[in-house]
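Chemist: below are the sequence and a predicted model; questions follow.
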Amino acid sequence: MDLEQTLASLTGDAIAKAFDLESADPLLRAADPKFGDYQINAAMKLARSVGKPPREVGAEIAEAIRSLDAVAEAEVAGPGFVNVKLDNAWLANELSLDLKGDLRIPKAEPKEKIVIDYSSPNIAKQMHVGHLRSTVLGHALVQILRSVGHEVIGDNHLGDWGTQFGLLIVGLETWGTELNVELESASVKDLEQLYKRASARAKQDEEFAERARGELAKLQRGDEANLAIWRRFVEVTLKTNNAIYERLGVRFEETLGESFYNEMLPGVVEEVTSRGLAREDQGALCVFFKEIDPKEHGKPKMQIPKRLKNQPVILRKRDGAATYSTTDVATIQHRENHFKADRTIYVVDDRQGLHFAQIFALAELLGLSIKADHVGFGKILGDDGTPLKTRGGDNIALGALLDEAVARAKALIEEKSNEGVLRISADELDAAAEIIGTGAVKFGDLAQNRTTDYRFDWEKLIAFSGNSSPYLQYQYARCRSVFREAGIEWESAPTEMVFTEAAEGDLARELARFGDTVARAAKRYEPHLICERLYELARAFSRFWTQCRVLGAETEEAKMSRLALVALTGRQLERGLELIGIGVLEAM
RNA sequence: GGGCGCUUAGCUCAGCUGGAUAGAGCGUCGGCCUCCGGAGCCGAAGGUCAGAGGUUCGAAUCCUCUAGCGCCCGCCA
């Protein structure tokens, strides 16, 4: 259900009617529980225009909304706050509808077609922690936006074209035999080693660098031999990455790397130039935003952001090669023209903020109407507050990171199983560890506000207590366990509810907020809101669990009602975790 | 030099369009297992929200300035 939207509209109408207004914003806010469930703060704002003291206005608002079915109590307090307590019977009915109606997540209006650009690893390099946030966040956003009704295309914009391939080809020629690396059997790790070596050599050895540039040029001209090598690089990298995507439960609708846009680049350059948006400078073709007047490009209302004025965008280097800016312009055009997308979202770290601001401004000047958002995020830091690396200073491979998470999960599951706290048998151990371990990594990442850097901490992640995914998975397993105990199918849970105990009402109030949270997470691109919601829900459930007997309830009606609460809790935990890409276990 | 961002409890972090006494987790201290799963529940201690001004009935939140830290800025992506 969409509790907040429903309440806001019900109370807003009531207020408008009471004060004879066209419409009114109730300024509805979730309240501190000691004051009620929600509070309406419109009285302070309305007081002036109505010409009455705020408290008096508040009293009238309280009076006006008291008759609503959804409202059990409404009282004015303090300077004019109106504290609202929800009606249990109304709430029970709404939650019952949620249970029958697949949670009734509110749909976004209008429905849009959205291309989400995420993960985007480079070819011939292992995926590392640097790709974790983009992959996990992007995947979560795909599912969240889909759940509110959008049509979403996930696109893996591979770094599969560029200068590294010249170096790789020459590196392979030079050290392939020595390092026992053959094209047919090379692993991504091998390629990464080759690249490092070649890159270092090129910095000191001009002749070597020149050879690399030569091979690159051949590749870019479409030389068959080099293309074959390049294809092999792509193939082996994708195969390795797919194993990781599989573990993460990530699937892309499209994998259109930079190379895909290659043949469109001259057209982009031509178009930008012919529209008078670019000019040559020091041999490079550049866009100088400070010289552009949007009015002359049919964009009278457009403001060029201040941050774009001081540096140009380079579309073509002195050597004639296009840059990633050009590719990104081609990409955004393709998303509008080919996919007919209404919106495109780039899940790429914050450091590229300026780049995307440039691309979006350029796209607008070129007359594109697609909406574009850069969903940036901060860095993952180690214990010492610097970007997370291995002791040797290398990036930590994503596969290795997941392995460690799973190993740590496994050790802890074994320990807890021995203590009798968990009931995971030996033959379920590996599968459970995989779900719990990878889930913990994802949750640890997604639970953070994406815009800030965060400190990666195994202890916190795998401690399995507090705000963590294992805690949520555990509460879910409890939900399922009651039904097994009761001998009732999980799918055919009772749906009618009656609340008598405080803990039931408290849990119901948490359950009522699920839809609003998903809607907000979708609107703001913030999966951490879902993490927060699920954690609040799980805590309320756990309190309910200690205070209310389910199977041992006093009456049959109470038992059925509590089973319904348990079922709805379980469904929200499962769906919420699914939205952020985390699996559950029926028992653990 | 220009631009973007950050600064909240001992530590790690939430805090939405401005609302009442700023919240969690971890850690610390103290309670709770005749009862459906204790990875649990209840409670306590712990804060000049970096600092100074301003707007407002009301500011952690909006504006300005200052300090500290981080990141970005023409031929890498």
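Modeler: Sure thing, it's come through. On a predicted model such as this, the values are computed, not experimentally measured, just so you know. Residues are numbered from 1 along each chain as shown, chains lettered A, B, ... in the order given.
Chemist: pretty sure A:Gln193 sits in a helix.
Modeler: Yes: assignment of A:Gln193 by DSSP: H, G, I helix; E, B strand; the rest coil places it within a helix.
Chemist: please parse chain A into its domains.
Modeler: Following automatic domain parsing, chain A resolves into domains at A:3-86, A:113-158+A:257-377, A:164-245, A:398-579.
Chemist: how long is the second one end to end?
Modeler: One end of domain A:113-158+A:257-377 sits 23 Å from the other (C-alpha to C-alpha, to the nearest Å).
Chemist: next: the third one.
Modeler: The straight-line separation of the ends of domain A:164-245 (C-alpha to C-alpha) is 24 Å.
Chemist: kindly report the same for stretch A:505-522.
Modeler: Start and end residues of stretch A:505-522 are separated by 27 Å (C-alpha to C-alpha).
Chemist: near RNA strand B, anything from that stretch?
Modeler: Yes: on the criterion C-beta under 7 Å from any atom of the strand, stretch A:505-522 is in touch with RNA strand B at A:Arg520. C-beta: built from backbone N, CA, C; applies to glycine.
Chemist: ok so, going back, I'd like the domains of chain A as JSON lines, with mean neighbour count and mean pLDDT appended.
Modeler: Formatted as JSON lines, those follow (neighbours: other C-beta atoms under 10 Å; pLDDT from 0 to 100):
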{"stretch": "domain A:3-86", "mean neighbour count": "18", "mean pLDDT": "92"}
{"stretch": "domain A:113-158+A:257-377", "mean neighbour count": "19", "mean pLDDT": "95"}
{"stretch": "domain A:164-245", "mean neighbour count": "17", "mean pLDDT": "92"}
{"stretch": "domain A:398-579", "mean neighbour count": "19", "mean pLDDT": "93"}
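Chemist: would you turn these into CSV with distance to A:Met588?
Modeler: Shown next, in CSV, are the domains of chain A (distance: least, C-beta to C-beta, whole Å):
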stretch, distance to A:Met588
domain A:3-86, 31
domain A:113-158+A:257-377, 22
domain A:164-245, 24
domain A:398-579, 5
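Chemist: out of those, which is closest to A:Ser96?
Modeler: Among those, domain A:398-579 comes nearest to A:Ser96, with 4.9 Å by C-beta to C-beta.
Chemist: how far does the closest one sit from its chain's centre?
Modeler: A distance of 19 Å separates the C-alpha centroid of domain A:398-579 from that of its chain, computed with C-alpha atoms, centre = their mean, to the nearest Å.
Chemist: start to end distance for that domain?
Modeler: Domain A:398-579 has its terminal residues 21 Å apart, counting by C-alpha to C-alpha.
Chemist: what does stretch A:184-192 give?
Modeler: One end of stretch A:184-192 sits 15 Å from the other (C-alpha to C-alpha).
Chemist: what does it contact?
Modeler: For stretch A:184-192, contacts defined as C-beta atoms under 8 Å, 6 or more residues apart in numbering pick out A:124-126, A:168, A:172, A:179, A:181, A:232-233, A:236-237, A:240.
Chemist: of all the domains of chain A, which one comes closest to A:Asp383?
Modeler: Nearest of these (C-beta to C-beta): domain A:398-579, 7.4 Å.
Chemist: please name the nearest non-neighbouring residue to the one residue in the stretch 101-250 of chain A that gets nearest to RNA strand B.
Modeler: Minimum separation of the stretch 101-250 of chain A from RNA strand B (C-beta to the nearest atom of the strand) falls at A:Gly162, amounting to 3.7 Å. Nearest non-adjacent residue to A:Gly162, counting by C-beta to C-beta, 6 or more residues apart in numbering: A:Glu258, 6.9 Å away.
Chemist: distance check, the one you found against A:Gly171.
Modeler: For A:Glu258, the distance to A:Gly171 equals 20 Å [C-beta to C-beta, to the nearest Å].
Chemist: how near is A:Ile153 to A:Met264?
Modeler: 18 Å.
Chemist: what about A:Asp373, helix or strand, and which?
Modeler: Per DSSP states H and E, A:Asp373 falls inside strand A:371-375.
Chemist: can I get that strand in PDB, CA atoms only?
Modeler: This file holds the C-alpha atoms of strand A:371-375, laid out as PDB (Å, rounded to 0.1, in the frame of the first residue of the first chain):
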ATOM      1  CA  LYS A 371      16.300  12.500 -19.200                       C
ATOM      2  CA  ALA A 372      19.700  11.600 -17.900                       C
ATOM      3  CA  ASP A 373      20.900  11.100 -14.300                       C
ATOM      4  CA  HIS A 374      24.300  10.300 -13.000                       C
ATOM      5  CA  VAL A 375      23.800   8.100 -10.000                       C
END
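Chemist: who touches that strand?
Modeler: Outside of strand A:371-375, the residues within contact range by C-beta under 8 Å, 6+ apart are A:137, A:141, A:332, A:342-348, A:352-353, A:356-357, A:359-360, A:363, A:450, A:525.
Chemist: can you tell me if the helix or strand just after that strand touches RNA strand B.
Modeler: Next helix or strand after strand A:371-375 toward the C-terminus (DSSP H and E): strand A:380-381. Yes: using C-beta under 7 Å from any atom of the strand, strand A:380-381 reaches RNA strand B at A:Leu381.
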